[in-house]
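Enquirer: mind folding the following:
(chains A and B)
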There are 2 protein chains.
Amino acid sequence: MRIQTLDIGGANTKKLLYEGGRTRSASYYFPLWKKKEEFPRFLRDISEEAYRTAVTMTAELCDVFPSKKSGVEFIVSVCEEVLDAPLYLTTDQRLLEKDEISDPSELAAANWQASRYLLEKRFGEGILVDVGSTTTDILPFGEGTHCYRSDFERLKNHQLLYTGLLRTPVNTIVSEVPVHGQMVPVSSEYFAITADVYNILWGVDYSCETPDGRGKTREESLNRIARLLCADKEEIEEELPGICAHVHRMQVEGIAEAVKRAAISSKRKTLYVGGIGRRLGIEAAQSLDLPYVDLGAELKDAWNLPCLGLAEMTLELDGGESHGL
Amino acid sequence: MRIQTLDIGGANTKKLLYEGGRTRSASYYFPLWKKKEEFPRFLRDISEEAYRTAVTMTAELCDVFPSKKSGVEFIVSVCEEVLDAPLYLTTDQRLLEKDEISDPSELAAANWQASRYLLEKRFGEGILVDVGSTTTDILPFGEGTHCYRSDFERLKNHQLLYTGLLRTPVNTIVSEVPVHGQMVPVSSEYFAITADVYNILWGVDYSCETPDGRGKTREESLNRIARLLCADKEEIEEELPGICAHVHRMQVEGIAEAVKRAAISSKRKTLYVGGIGRRLGIEAAQSLDLPYVDLGAELKDAWNLPCLGLAEMTLELDGGESHGL
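Expert: Numbering: from 1, shown residues only, chains lettered A, B, ... in the order given. A predicted model of the protein is given here:
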């Protein structure tokens, strides 16, 4: 029995296929706010035959839609056209067919509920720290934890952080950076993103677009970071790694601060860290001296938790045995 | 004798014509990083016949150019093609013909030198606070003031601030905003800019593009600010003006802080406030309790100071009488 799950984000759509006790995951960069008209074809291209397909989404927030409700409606209509009777995840952790949806808002940004399902089933209780390309979910799970449902409520309660490994504009993390031992304010133009920072520091799978449309080499990332200081690379070349290290430190601090709040309010300590940016989550855990589990060592699909959780929910629904996904 | 001056910015190109003791100014929204290929035609369309044309630029910083030097070279080559033997302003306040340029970097972001020329001539000494659509110049002028020349040095020394009335992304000014009496973090997506904030608070001449490509009504700006909180307008409608008031306050504080530094280091007190965003500069002056002159009351072209200064420099060069521009 083949199960397909899709997590349709604004910038990336993630997919997971489950068959015969094995999974296969993929992520596709598809900036929906730029290419809405091509979305049906894109979805047709990436989707596969499956006994069951389940869908969750966050792309309804894209500003190509006048409202989140209209975003959900558009995405559902395309899914209905392209997929075979898909199920949709709601923010109260149900799976609905299209005709069962009474309010499209129930489907908006529900993907964390799939992660929560997975984590509770596997680990009982703890705090999920899922660092993605654009956002980070910080989600206490297990009996008695309180879930905030809408994106706004999750933002307000620090369970949704707009910070990620790739797409976060550097100037939304820092307003100044150290250069020659002095803090220097940065430009507010969209010149460089966190993908550039980690491309310079460690090398990274730069799977989104570059801000300037140029290439993804380390040299080109250095250029983009320099431009944040209105400089050509040559003017401040030796300072650029230190600037990146500072941005990295500030980003980890931001994650750590939210994790600390979650630990205090949920009275849970153990962090379960996943997502393509889980290195940042692990560093946050270490800075707080909290115990953590690197989900990358536990689960092949640790960067794709909502899809994995959604697959387990779907299997459960059909009475299948999901143990061992 | 007709003089034409051009201040070629990345997003806006400003023009001033001087003839018979009178001036006429205009600003054209032309995002050069998006439409580089159309720049020659654009420049041809907006330029007029003149005895002398003088040019200054900041558009070389656009990331459509691999370096500022190559940006200057491109802009100069187009000016040479379209304009009649233009003069170019340098960062040491000279006007050069093309053949006199030894290093293109001398021409990068020199427009503040034209403002400085104008202010010194008219007012002797003080501090210029020129709040534009994207950036703010804070420039002590008069005998003994120190000028930082490159954009990087000006940024480092708080004489160039990346904050403006229209194009500044809200999430580069604030990382959180008050909602229902509580500070709530904002999204890091490019959802709303300062033009939206002032469109909501006062109404503004929204002369740049909107982040979502939608319209420029107050309602549409409210939508964009709500989206920063991952919300539809209806979810937090009554909170939106308060959110805007907070962003406004923080932006004025940022300007005031830099003005204070400039006042201390230059030992000057009187502020001369110009630019399309001079209301923000005046509010900064008032918050610091510093004396200020509203250039809008003194000069018809107070929003276009570099072009006006450049016209005075050009007239001077030709031995003309510039008094009374």
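
Enquirer: from the middle of its chain, how far away would the longest helix belonging to chain A be?
Expert: Longest helix of chain A, by residue count under DSSP state H: helix A:240-266. In terms of Cα atoms, centre = their mean, to the nearest Å, the centre of helix A:240-266 is found 16 Å from the chain centre.

Enquirer: could you list the buried residues of that helix?
Expert: Neighbour-count burial for helix A:240-266, counted by 16 or more other Cβ atoms under 10 Å in any protein chain shown, picks out A:240, A:243-244, A:246-248, A:251-252, A:254-256, A:258-260, A:262-263, A:266. Yep, even glycine has a C-beta here, placed from its N, CA and C like the rest.

Enquirer: what helices and strands are in contact with that helix?
Expert: For helix A:240-266, the elements it packs on are strand A:126-131, strand A:136-141, strand A:160-161, helix A:170-173, strand A:176-179, helix A:194-201, helix A:218-227, helix A:278-288, judged by 3 or more Cβ pairs under 8 Å, 6 or more residues apart in numbering or on different chains; DSSP states H and E.

Enquirer: can you list the weak-confidence ranges in chain A?
Expert: A:320-325 (pLDDT under 70).

Enquirer: centroid residue for it?
Expert: The structure's chain A has its C-alpha centroid closest to A:G132; by Cα atoms, centre = their mean the separation is 3.2 Å.

Enquirer: ok, that residue touching A:G164?
Expert: Yes: counting by Cβ atoms under 8 Å, A:G164 is a contact partner of A:G132 at 5.2 Å.

Enquirer: from the stretch 1-150 of chain A, which residue is nearest to chain B?
Expert: In the stretch 1-150 of chain A, the residue that lies nearest chain B is A:D63 (3.6 Å; Cβ to the nearest Cβ).

Enquirer: now that residue: which helix or strand?
Expert: Following DSSP states H and E, one finds A:D63 outside all helices and strands.

Enquirer: would you mind measuring from A:A245 to A:E237?
Expert: Noted for A:A245: a distance of 15 Å to A:E237, by Cβ to Cβ, to the nearest Å.

Enquirer: go on, A:R227?
Expert: According to Cβ to Cβ, A:R227 and A:E237 sit 13 Å apart.

Enquirer: overlap in contacts, A:G132 and A:G164.
Expert: Residues touching both A:G132 and A:G164 (Cβ atoms under 8 Å, 6 or more residues apart in numbering or on different chains) are A:G277.

Enquirer: which SSE is A:G309 in?
Expert: Using DSSP H and E, A:G309 sits in helix A:305-317.

Enquirer: which strands and helices sit next to that helix?
Expert: Looks like helix A:305-317 contacts strand A:3-8, strand A:12-19, strand A:22-29, strand A:52-57, strand A:87-89, strand A:95-96, helix A:111-123 (3+ Cβ pairs under 8 Å, 6+ apart).

Enquirer: re earlier: need the helices and strands packed on helix A:240-266 in TSV (columns: mean neighbour count and distance to A:S47).
Expert: Listed next are these as TSV, based on neighbours: other Cβ atoms under 10 Å in any protein chain shown; distance: least, Cβ to Cβ, whole Å:
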stretch	mean neighbour count	distance to A:S47
strand A:126-131	27	24
strand A:136-141	24	25
strand A:160-161	25	27
helix A:170-173	26	33
strand A:176-179	19	43
helix A:194-201	25	27
helix A:218-227	22	33
helix A:278-288	21	27
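
Enquirer: which residues sit in contact with the nearest residue to A:Y162 once chain neighbours are set aside?
Expert: Excluding the flanking residues, the one nearest A:Y162 by Cβ to Cβ, 6 or more residues apart in numbering or on different chains is B:S188, at 4.1 Å. For B:S188, the contact set (Cβ under 8 Å, 6+ apart) comprises A:134, A:162-163, A:168-169, A:172-173, B:171.

Enquirer: again, 10 Å this time
Expert: Going by Cβ atoms under 10 Å, 6 or more residues apart in numbering or on different chains, B:S188 touches A:134-135, A:161-164, A:167-173, A:193-194, B:169, B:171-172, B:175, B:228.

Enquirer: my guess is it is in a helix, correct?
Expert: No: per DSSP: H, G, I helix; E, B strand; the rest coil, B:S188 lies outside any helix segment and is coil.

Enquirer: isn't A:Q159 up against A:S115?
Expert: No: assessed by Cβ atoms under 10 Å, A:Q159 is found out of contact with A:S115, at 11.4 Å.

Enquirer: A:K36: neighbouring residues, count only.
Expert: 17 (other Cβ atoms under 10 Å in any protein chain shown).

Enquirer: how much space separates the closest residue to it other than its chain neighbours from A:G71?
Expert: Excluding the flanking residues, the one nearest A:K36 by Cβ to Cβ, 6+ apart is A:V64, at 5.0 Å. According to Cβ to Cβ, A:V64 stands 8 Å off from A:G71.

Enquirer: so for those two, which sits in the more crowded spot?
Expert: Comparing A:V64 with A:G71 by other Cβ under 10 Å, the one with more neighbours is A:G71, at 27 against 20.

Enquirer: what residues are up against the more buried one?
Expert: Each residue near A:G71 by Cβ under 10 Å, 6+ apart is listed here: A:10, A:32-33, A:36, A:57-65, A:104, A:107-108, B:232.

Enquirer: could you do A:W112 as well?
Expert: Counting by Cβ under 10 Å, 6+ apart, A:W112 makes contact with A:56, A:58, A:89, A:91, A:93, A:128, A:130, A:135, A:137-139, A:141, A:147-149, A:151, A:154, A:159-160, A:305-306, A:309.

Enquirer: who touches both of A:Q159 and A:S115?
Expert: A:128, A:137, A:139.

Enquirer: tell me which residues form a beta bridge with A:E19?
Expert: Beta-bridge pairing of A:E19 under DSSP bridges involves A:R22.

Enquirer: that one against A:R52, yeah?
Expert: No: counting by Cβ under 10 Å, A:E19 stays clear of A:R52, with 11.3 Å between them.

Enquirer: shared neighbours of those two, anything?
Expert: Here A:E19 and A:R52 share the contacting residues A:1-4, scored by Cβ under 10 Å, 6+ apart.

Enquirer: I'd say A:A109 and A:T56 touch.
Expert: Yes: using Cβ under 10 Å, A:A109 is in contact with A:T56, at 8.6 Å.

Enquirer: and the angle from the longest helix of chain A to helix A:194-201?
Expert: Here the directions of helix A:240-266 and helix A:194-201 differ by 120 degrees (axes from the mean of the first three to the mean of the last three Cα atoms, to 10 degrees).

Enquirer: next SSE after helix A:240-266?
Expert: Immediately after helix A:240-266, counting by DSSP H and E, sits strand A:271-274.

Enquirer: partners of that following strand in the sheet?
Expert: Sheet pairing of strand A:271-274 (DSSP bridges) gives strand A:126-131 (parallel), strand A:292-294 (parallel).

Enquirer: now these as a markdown table including distance to B:D294?
Expert: A markdown table is the format used below for those (distance: least, Cβ to Cβ, whole Å):
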| stretch | distance to B:D294 |
| --- | --- |
| strand A:126-131 | 49 |
| strand A:292-294 | 57 |
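
Enquirer: out of these, which is closest to B:G181?
Expert: strand A:126-131 (26.5 Å; Cβ to Cβ).

Enquirer: roughly how far apart are the residue of the stretch 1-150 of chain A closest to chain B and B:C230?
Expert: For A:D63, the distance to B:C230 - Cβ to Cβ - is 11 Å.
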